[in-house]
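Student: Need coordinates for the below:
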Amino acid sequence: MATDDLGRTLRRLRRLASLTQEDLAERSGVSVDVIRQLEQRRKHSARLPTLHALANGLGVELTTLLGDPPAVSTGENDGPRFVAVRRAIMPALWGAQPAPPGPDFSLATLRERIADGWTQYHAAEFDTVMKALPDVISEARAATLGDDEADGFAALGKALQLAGHVAVRMGKTDLALISLERAIEAAEHSSDPLLRPMIVNSVAWAYQRQGRLDDALSIALHSADDVQKGGHTDTADGLKVWGALTMSAATSAARGNDYTRAAELMAGAEAEAARVAKLPQGSDSRMVSVFSPSSVRIERVRLAVQYGHPKDALALAKGMRLSKDTPPSWRTWLLLDVARAHTDLGDAAGAVKALEALRRVAPTWMQHHTLAVAIVRDLWALPNHPAGLRPLAEFLGVGD
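Tutor: I've put the predicted structure just below:
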């Protein structure tokens, strides 16, 4: 694949990891000469296996090395819409304080708006979410001054958590952590014992994106232990929160090259996931952590393909039936990982089939995703193009 920012990003991530070029070469199996040429921008391209190896050596997701996909639609990062989100997360000093909610205010309506925001987020409708977030956060802050103070703080916590996730997707992890820390503060004033650990899981994800793998692993395990000790895993909501934290810990362990621990954590999560459907159901599933047999299997596929086991990834994905509550974002990642696995095995036809399915399911998401583009570029470089590749290449702007 080719990218103008690959060399610059590689150098930045290597320095953040406190690695010399020789250290990275040893950890990744990529020659020092290739690393040096990429960083000096004398070489502007690398095949996916090389990029996989470099990402693994750095302990980051491949998309971190390639660059995150931009906001799907306008691509605004620091335009007026995102500035409004910043203001909502961090109100101006000495600005007007929120007024208590008026007689027409409905906490149920506010919760529904926040839940809709999470649905839109999982559908990669980031521009739509950004448009709604400032008003939603403002309304939630006002709700904390109403009669249902604890419920108002719970709504504020979920709204700020959503803002944190959007900020991560925009590549603004420091802003995301500010939003998530304020979400935790709000959660501590609510009466929902699961809200704080849910937000902690989001913090762990932000730490992962910053390469802070030990920190991400530590807080995920600590919070999962608190959920279990609190007796919350006897409810569906509580088990989902525990499971999501455990999967997050497994991901951090894997990226830190502790595959044994990652496998143990994922095995424990998979064993517990079967209990979710048997337990008393709780709140709106759009507002609770994603955890089910389907999500565990999807995460196992992702880890297998990311860490060089494409045959295992395809075996795990084969015949998988996704549960109804699996968000669209998880479904699309599964198809992308299947395409990656086929590409790694040299099965171009299988990769094209998976990418065609991805285009049908999430065309806009695919069109803006750097990894989807990288896979198609790798396939396009082959001497013999498989059937169906040209329409995909034209759709993504790759090729002739």
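
Student: Output the lowest mean pLDDT helix or strand found in the chain.
Tutor: Between all helices and strands in the chain, the lowest mean by mean pLDDT, DSSP states H and E belongs to helix 62-66, at a mean of 75.

Student: so how far is that helix from its chain's centroid?
Tutor: From the chain centre to the centre of helix 62-66 is a distance of 12 Å (Cα atoms, centre = their mean, to the nearest Å).

Student: packing partners for it?
Tutor: Counting contacts by 3 or more Cβ pairs under 8 Å, 6 or more residues apart in numbering; DSSP states H and E, helix 62-66 is packed against helix 6-16, helix 48-58, helix 370-380. All C-beta atoms are positioned from the backbone trio N, CA, C, and that covers glycine.

Student: Quick one: closest of these to Ala271.
Tutor: Nearest to Ala271, of all the helices and strands packed on helix 62-66, is helix 48-58, at 27.1 Å by Cβ to Cβ.

Student: Looking at the helices and strands packed on helix 62-66, which is nearest to Met90?
Tutor: Proximity of the helices and strands packed on helix 62-66 to Met90 was assessed by Cβ to Cβ; the nearest stretch is helix 6-16, lying at 24.9 Å.

Student: Could you point out the helix or strand that follows that closest one?
Tutor: Going down the chain from helix 6-16, the next helix or strand is helix 21-28, by DSSP states H and E.

Student: Now do the buried residues in that following helix.
Tutor: 21, 24-25, 27-28 (16 or more other Cβ atoms under 10 Å).

Student: Please, which helix or strand holds the spatially closest residue to Ala163 that is not a sequence neighbour?
Tutor: For Ala163, ignoring the flanking residues on the chain, the nearest one in space by Cβ to Cβ, 6 or more residues apart in numbering is Ser179 at 4.6 Å. Taking DSSP H and E as the criterion, Ser179 maps to helix 173-188.

Student: can you list contacts of that helix?
Tutor: Helix 173-188 has contacts (Cβ atoms under 8 Å, 6 or more residues apart in numbering) with 86, 89-90, 144, 153-154, 156-161, 163-165, 167-168, 195-196, 199-200, 202-203, 206, 209-210.

Student: What subset of those is buried?
Tutor: Buried residues within those, defined by neighbour count using 16+ other Cβ under 10 Å: 86, 89, 144, 153-154, 156-161, 163-165, 167-168, 195-196, 199-200, 202-203, 206, 209-210.

Student: Keep only those of the residues you listed that are in helices.
Tutor: Judged by DSSP state H, the subset of the buried ones among the contacts of helix 173-188 located in helices is 86, 89, 153-154, 156-161, 163-165, 167-168, 195-196, 199-200, 202-203, 206, 209.

Student: Can you give me the domain assignment for this protein?
Tutor: 6-62, 73-192 (automatic domain parsing).

Student: Any idea which of the ones you listed gets closest to Asn384?
Tutor: With Cβ to Cβ as the measure, domain 6-62 is the member of the domains of the chain nearest Asn384 (16.6 Å).

Student: and His189, how many neighbours does it have?
Tutor: If you count neighbours by other Cβ atoms under 10 Å, His189 ends up with 14.

Student: Check Arg111 too.
Tutor: Neighbours of Arg111 under the rule other Cβ under 10 Å: 21.

Student: Likewise for the one 3 residues further on?
Tutor: With neighbours defined by other Cβ under 10 Å, the count for Ile114 comes to 26.

Student: Who are the contact partners of it?
Tutor: Applying Cβ under 8 Å, 6+ apart to Ile114 gives the contacts 136, 140, 155, 158-159, 162, 287.

Student: Please tell me which one of those counts the most neighbours.
Tutor: Going by other Cβ under 10 Å, Ala159 tops these with 31 neighbours.

Student: so where do the helices sit in the stretch 301-400 of the chain?
Tutor: Taking DSSP state H, counting those that start in this stretch as the test, the helices found in the stretch 301-400 of the chain are 310-317, 328-344, 348-361, 363-367, 370-380, 389-396.

Student: sorry, back to before: least confident of the domains of the chain, on average?
Tutor: Among the domains of the chain, domain 6-62 carries the lowest mean pLDDT, a mean of 84.

Student: Over to it now: how far is its first residue from its last?
Tutor: 11 Å (Cα to Cα, to the nearest Å).

Student: that older thread, and the helices of the stretch 301-400 of the chain: which comes nearest Val60?
Tutor: Of all the helices of the stretch 301-400 of the chain, helix 370-380 sits nearest to Val60, with 13.0 Å by Cβ to Cβ.

Student: elements contacting that closest one?
Tutor: Judged by 3+ Cβ pairs under 8 Å, 6+ apart, helix 370-380 is in contact with helix 48-58, helix 62-66, helix 328-344, helix 348-361, helix 389-396.

Student: So which bits of stretch 85-98 are buried?
Tutor: For stretch 85-98, a neighbour-count test (16+ other Cβ under 10 Å) marks 85-86, 88-89, 98 as buried.

Student: Repeat that for stretch 392-399.
Tutor: Neighbour-count burial for stretch 392-399 flags 392-393, 396, 398 (criterion: 16+ other Cβ under 10 Å).

Student: Repeat that for stretch 5-19.
Tutor: For stretch 5-19, a neighbour-count test (16+ other Cβ under 10 Å) marks 6-7, 9-11, 13-14, 17, 19 as buried.

Student: Kindly reformat those as TSV containing distance to Arg377.
Tutor: Shown next, in TSV, are the buried residues of stretch 5-19 (distance: Cβ to Cβ, whole Å):
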residue	distance to Arg377
Leu6	12
Gly7	17
Thr9	17
Leu10	17
Arg11	22
Leu13	21
Arg14	23
Ala17	26
Leu19	27
